[in-house]
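Visitor: Next input, structure requested:
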Amino acid sequence: MLWAEREGAGRRLVLVHGFTQTGRHWAPVAAGLAADHEVVRVDAPGHGRSGAVAADLWTGAGLVAEQGGEATYVGYSMGGRLCLHVALARPDLVRGLVLLGATAGIDDPTERAARRDADEALARRLETDGLEPFLADWLAQPLFAGLHESAAGATARRENTPAGLASSLRLTGTGSQEPLWERLGELSMPVLVLAGAEDVKFAALGRRLVEAVGSDAVLALVPEAGHAAHLEQPAAFVALLRAWLAERGL
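Guide: Here you go, the predicted structure:
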């Protein structure tokens, strides 16, 4: 079973974090959302207080669904991919789906294999060098150039373990994920796709997601934000999410 924290009352929102984060990283947005929603913050497999749980994306999605039940699922990056798997495996539970900085997978088998090799190399580095050097290198990537140190949540990231993160890389990395693009048309629930306005790669992937899902999907860009838009611009992220929730009655 995954660890989860719950607060507030009302229609349920399940928040699933990205790689090297924990449910605590949603704190800047959870308090405001909990004013009129029940907010469930999950520690994903291999992370935080679920660090001993080893699960691939489909199994992990089942574990997330067990904690979340019927809800709107909100996932960032790795968490977005987990939530997408929940929506495909248990559409009966997903009232709405929100994907931030997420993808439906890598189409090209050669590129996917290269990413799998890269994820394996990262996992081995974790096991060899330990957590602190890995986190320093991870956050130094250009992908997180807009993420200020004060918003990165370094203390919560240190709740992770090398073994848990290595397991997550091997089992839930995009290199190990089967592409889901051809299945996106199966989604019948409302879908909000979000990306940071300055995150060129994932803004483009977001447009592709919306096109593949169809008429029930919309794209919104978080202004002045990169990949970790909910941490870089939490107020703007919440405003876009709240507007969509209100419009959809979620």
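
Visitor: The top helix by length along the chain: which residues count as buried?
Guide: For the chain, the longest helix by residue count, based on DSSP state H, is helix 109-129. Taking 16 or more other C-beta atoms under 10 Å as the basis for neighbour counts, the residues of helix 109-129 that come out buried are Arg112, Arg115, Arg116, Asp119, Glu120, Leu122, Ala123, Arg125, Leu126. Just so you know, the C-beta spots here come from the backbone N, C-alpha and C atoms, and that holds for glycine as well.

Visitor: could I get those as TSV with pLDDT?
Guide: Formatted as TSV, the entries for those read as follows, by pLDDT from 0 to 100:
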residue	pLDDT
Arg112	98
Arg115	98
Arg116	98
Asp119	97
Glu120	98
Leu122	97
Ala123	98
Arg125	96
Leu126	97
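
Visitor: then stretch 240-250 to PDB, C-alphas only?
Guide: Listed next in PDB are the C-alpha coordinates belonging to stretch 240-250 (Å, rounded to 0.1, in the frame of the first residue of the first chain):
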ATOM      1  CA  LEU A 240      -5.700  27.400 -14.000                       C
ATOM      2  CA  LEU A 241      -6.600  24.200 -12.200                       C
ATOM      3  CA  ARG A 242      -9.400  25.900 -10.200                       C
ATOM      4  CA  ALA A 243     -10.900  27.500 -13.300                       C
ATOM      5  CA  TRP A 244     -11.100  24.100 -15.100                       C
ATOM      6  CA  LEU A 245     -12.500  22.300 -12.000                       C
ATOM      7  CA  ALA A 246     -15.200  24.900 -11.700                       C
ATOM      8  CA  GLU A 247     -16.000  24.800 -15.400                       C
ATOM      9  CA  ARG A 248     -16.300  21.000 -15.300                       C
ATOM     10  CA  GLY A 249     -18.100  20.800 -11.900                       C
ATOM     11  CA  LEU A 250     -15.300  18.800 -10.400                       C
END
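
Visitor: Quick check: chain neighbours aside, which residue is closest to Arg81?
Guide: For Arg81, the nearest residue in space outside its immediate sequence neighbours is Ala102; the separation is 5.8 Å by C-beta to C-beta, 6 or more residues apart in numbering.

Visitor: try Leu180
Guide: The shortest distance from Leu180 to any non-neighbouring residue, by C-beta to C-beta, 6+ apart, is to Ala104 (4.3 Å).

Visitor: cool, Ala71 as well?
Guide: Nearest residue to Ala71 in three dimensions, chain neighbours excluded: Arg12, at 3.7 Å (C-beta to C-beta, 6+ apart).

Visitor: For that neighbour, grab phi and psi.
Guide: phi -90, psi 140 (degrees, to the nearest 10).

Visitor: Measure how buried it is and give me the count.
Guide: 19 (other C-beta atoms under 10 Å).

Visitor: and the gap between it and Val39?
Guide: Arg12 sits at a distance of 8 Å from Val39 (criterion: C-beta to C-beta, to the nearest Å).

Visitor: Then Gln67?
Guide: Taken as C-beta to C-beta, the spacing of Gln67 relative to Val39 amounts to 12 Å.

Visitor: okay, those two: which has more neighbours?
Guide: Val39 (25 against 19).
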